[in-house]
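Participant: Provided below for reference: sequence and predicted model.
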Amino acid sequence: MKTRIEKLQILVGLEEGIQSFKDRIELKHDSINGCGGMFKELRDKYTDDIHTYTMCIKRLEQRFNKVRKTLK
């Protein structure tokens with residue numbers, strides 16, 4: 001069984017991962033609004049990347065909530 005400190009460290013790591021993906025999404029949005037938005041192929045790729053990052057965030061949030069529920 002993991003200790004409370006280990007669980008808290010896991011939660012911090014998950015939160016850092018979520019923030020990392022949010023930062024990546026922001027960069028992709030900036031790229032779409034900039035020069036990358038002029039080229040359909042790049043815009044489509046960036047949009048797909050944003051979708052993938054969003055799914056990753058949802059999965060990390062699920063894991064975060066699962067670990068958070070085990071804290072006492």
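Facilitator: Yep, it's here. Numbers count the residues shown, from 1 in each chain.

Participant: residue ranges with poor pLDDT in the protein?
Facilitator: Across the chain, the stretches falling below the confidence threshold (pLDDT under 70) are 36-37.

Participant: can we see that at 80?
Facilitator: Regions of the chain meeting the criterion pLDDT under 80 cover residues 1, 35-37, 72.

Participant: residues making contact with stretch 7-21?
Facilitator: Applying Cβ atoms under 8 Å, 6 or more residues apart in numbering, the set of residues contacting stretch 7-21 from outside is 2, 53-54, 56-57, 60-61, 63-64, 67-68, 70-71. Where C-beta positions appear, they are placed from N, C-alpha and C, glycine not excepted.

Participant: same list (those) but as TSV, adding secondary structure.
Facilitator: TSV is the format used below for the contacts of stretch 7-21 (DSSP: H, G, I helix; E, B strand; the rest coil):
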residue	secondary structure
Lys2	coil
Tyr53	helix
Thr54	helix
Cys56	helix
Ile57	helix
Leu60	helix
Glu61	helix
Arg63	helix
Phe64	helix
Val67	helix
Arg68	helix
Thr70	coil
Leu71	coil
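
Participant: now list the buried members of those.
Facilitator: With neighbours counted by 16 or more other Cβ atoms under 10 Å, the contacts of stretch 7-21 contain buried members at Tyr53, Cys56, Ile57, Leu60, Phe64, Val67.

Participant: ok, now which ones touch the fifth one?
Facilitator: The reference is to Phe64. Contacts of Phe64 (Cβ under 8 Å, 6+ apart): Leu11, Leu14, Glu15, Ile18.

Participant: need those residues in JSON lines (columns: secondary structure and neighbour count).
Facilitator: Conversion of the contacts of Phe64 to JSON lines gives the following (DSSP: H, G, I helix; E, B strand; the rest coil; neighbours: other Cβ atoms under 10 Å):
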{"residue": "Leu11", "secondary structure": "helix", "neighbour count": "16"}
{"residue": "Leu14", "secondary structure": "helix", "neighbour count": "20"}
{"residue": "Glu15", "secondary structure": "helix", "neighbour count": "13"}
{"residue": "Ile18", "secondary structure": "helix", "neighbour count": "18"}
